[in-house]
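K.L.:
Okay, sequence plus prediction incoming.
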Amino acid sequence: MPRYDFDLFTIGAGSGGVAGSRRAGGYGARVAICEESRVGGTCVLRGCVPKKLLVYGAQFSDAFADAAGFGWTVPPPSFDWPSLIAAKDKELDRLEQIYRTMLKNSGVELIEAHAIVTDPHTVEVDGRSYTADKIMIASGGHPTVPDIPGIEHVISSNEALSLPELPRRIVIVGGGYIAVEFAGIFRGFGTEVVEIIRREDLLYGFDDDIRVAVAQEMRNRGIEILTRTQVARIQKCPHGYSVFTTLGQEISTDLVMYATGRKPNTRGLGLPQIGVELNREGAVVVDEWQRSTVPNVYAVGDVTDRLNLTPVAIAEARAIAETLYNDNPVKMDHNDVPTAVFSQPPIGAVGLTEAEARRSYGEIDVYSARFKPMKNTLSGRDERTLMKIIVDAASDRVVGCHMLGADAPEIIQGLAIAIKCGATKKQFDQTVGIHPSAAEEFVTMRDKVVRPTKLAAD
Ligand code: NDP
């Protein structure tokens, strides 16, 4: 008789939980996964996937506008938001079914209710106790908003993905991934967008040149960005809302969306009670093997609040399955993880920013190209692509690649392999470009950026 009901009990059927459970099941482990909401998690149901579908939808406005330069006559296009939302929901239903089938085919038992860990080897679900040798917390995160007067009127990205109608005007608060992506989505559909950020620039953590350039392109598209501004209060009015800023502005709008960060889903799981340490934000503290302070309890993905990206959660969870059930110890490497912002135009980045590289390596070489992509010559679109390569001068190793422009995420994914392999600038130069493409600029940049002395010394 096995000592426990399961070898592995996973809490949360999002990208990380499902990937790790399936991999463990594939190696013969007896696995259960518990989910209190729908199967699929943030990425599939409330994040990456529906967001990207709306990004695709929003990009058609560019295609219609650009077509004339290529000889097309396009009748004034019309757009029906409910049709897009219905199509998106249908796709999410399909994906959820696929996730369920995949779990079943991997022999993973799905339990659909809220789980509470009652001791290091016991999970209680709906009044029933399950025992497990190992527990994997993959419960994700949720949007968080500051406590200001009128905050009860605002929506988060969760609601923005399923609005019954497209707002004519929206105020978006925050300057991170979600705020920037939704500003582009709504603007693409013709909504008047005001984005309010408390810093000077959007997207803290990205390369400074990219941050400045993306704001320029967003403004060119008609998005108003109010910087160094905070919302003081929000008031409901007969026809929408008034947003009052700390600088004394009043903005009338139909909808207010907050994208001011996310918090780990650890409340109500019983974790501190069994000795699992949480940090100040409520995230599970884990070591390099994803182990919490209770050795048989592991955690992956957003609930650990490190690199909150789907592929990272998946890799972390699979590393656990490899280590525990395939006699193949794997530690997740959090260095050089590529990332993208599906803004319009999009951003792709991997490795260090110029400022980070300067701090880490001292002497660096920076290569940069800003150009009008070929498509925009005939379309007349006034939008420029920006690319940057950051090189450690001593070793000639490329330590960062950054891009703002069409297809940036697709291009940076390939460059991430080169960076992971430790490619040098000389090897970039030896690589033959694909012509005509924007990507070829990454292998043809020859002139170093010369910075003013003061900046270079920073
Ligand atoms: P982020 O942490 O990226 O950004 C939060 C933004 O809100 C920042 O600009 C922050 O400003 C601002 N902010 C925080 N608190 C306040 C406040 N009280 N008042 C005003 N502004 C405030 O969070 P997001 O919600 O955008 O996204 C959450 C995470 O989800 C991301 O970090 C990312 O890991 C993941 N994600 C990834 C995507 C992708 O890969 N494409 C897409 C969407 C999300 P400040 O900079 O000053 O702190």
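P.N.:
Noted; the coordinates are in hand. Residues are numbered from 1 along each chain as shown.
K.L.:
Quick check: residues of the chain near the ligand?
P.N.:
By the rule CB under 6 Å from any ligand atom, the part of the chain lying against the ligand is 146, 173-179, 181, 197-199, 204, 230, 259-262, 308-309, 339-342. All C-beta atoms are positioned from the backbone trio N, CA, C, and that covers glycine.
K.L.:
Among those residues, which lie within helices?
P.N.:
Among the residues of the chain next to the ligand, the members found in helices (DSSP state H) are 177-179, 181.
K.L.:
Redo those residues as TSV? Include pLDDT and neighbour count.
P.N.:
As requested, those are exported to TSV (pLDDT from 0 to 100; neighbours: other CB atoms under 10 Å):
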residue	pLDDT	neighbour count
177	97	26
178	98	23
179	98	25
181	98	26
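K.L.:
out of the residues of the chain next to the ligand, which are inside strands?
P.N.:
Assigned to strands by DSSP state E, the following of the residues of the chain next to the ligand qualify: 173, 262, 339-341.
K.L.:
Residue 150: which of these is nearest?
P.N.:
Closest approach to residue 150 among those (CB to CB): residue 173, at 11.7 Å.
K.L.:
Can you name the residues that contact the residue of the stretch 351-458 of the chain found nearest the ligand?
P.N.:
Closest residue of the stretch 351-458 of the chain to the ligand, CB to the nearest ligand atom: residue 409 (8.2 Å). Contact partners of residue 409, counting by CB atoms under 8 Å, 6 or more residues apart in numbering, are 340, 342, 346-348.
K.L.:
do the same with residue 227
P.N.:
197, 199-201.
K.L.:
Check the gap between it and residue 208 for me.
P.N.:
14 Å (CB to CB, to the nearest Å).
K.L.:
One more: residue 261?
P.N.:
To residue 208, residue 261 is 21 Å away according to CB to CB.
K.L.:
Ignoring the adjacent residues along the chain, who's closest to the residue of the stretch 351-458 of the chain closest to the ligand?
P.N.:
For residue 409, ignoring the flanking residues on the chain, the nearest one in space by CB to CB, 6 or more residues apart in numbering is residue 340 at 3.5 Å.
K.L.:
beta partners of the one you found?
P.N.:
Under DSSP bridges, the beta-bridge partners of residue 340 are residue 348.
K.L.:
Please verify my assumption that it contacts residue 412.
P.N.:
Yes. In this structure, residue 340 is within contact of residue 412 by CB atoms under 8 Å, at 6.8 Å.
K.L.:
Find residues that contact each of the two.
P.N.:
In contact with both residue 340 and residue 412: 348-349, using CB under 8 Å, 6+ apart.
K.L.:
Looking at the two, which is more packed in?
P.N.:
Remark: of residue 340 and residue 412, residue 412 carries more neighbours, 25 against 19, as counted by other CB atoms under 10 Å.
K.L.:
buried set for whichever helix or strand the more buried one is part of?
P.N.:
According to DSSP states H and E, residue 412 maps onto helix 408-420. Buried residues in helix 408-420, counted by 16 or more other CB atoms under 10 Å: 408-409, 411-412, 415-416, 418-419.
K.L.:
Now pLDDT and distance to residue 68 too, for these, in CSV please.
P.N.:
Below are these laid out as CSV (pLDDT from 0 to 100; distance: CB to CB, whole Å):
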residue, pLDDT, distance to residue 68
408, 98, 25
409, 98, 27
411, 98, 27
412, 98, 31
415, 98, 34
416, 98, 36
418, 98, 38
419, 98, 40
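K.L.:
just curious, which of these is nearest to residue 268?
P.N.:
The closest of these to residue 268 turns out to be residue 409 (CB to CB; 35.5 Å).
K.L.:
re earlier: between residue 261 and residue 208, point out the one with more neighbours.
P.N.:
With neighbours defined as other CB under 10 Å, residue 261 and residue 208 compare such that residue 261 has more, 18 against 14.
K.L.:
Spatially, which residue comes closest to residue 177, not counting chain neighbours?
P.N.:
residue 341 (5.4 Å).
K.L.:
Just confirm the one you found contacts residue 181, I think it does.
P.N.:
Yes. Using CB under 8 Å, residue 341 makes contact with residue 181 at a distance of 6.3 Å.
K.L.:
can you map out the strands along the stretch 51-200 of the chain?
P.N.:
109-111, 115-119, 122-125, 128-137, 141-143, 169-173, 192-196 (DSSP state E, counting those that start in this stretch).
K.L.:
Touching the last one from outside, list them.
P.N.:
Okay, so that is strand 192-196. Residues contacting strand 192-196 (CB under 8 Å, 6+ apart): 168-175, 179-180, 183, 186-187, 202, 218, 222-226, 229-231, 243, 245, 251, 253.
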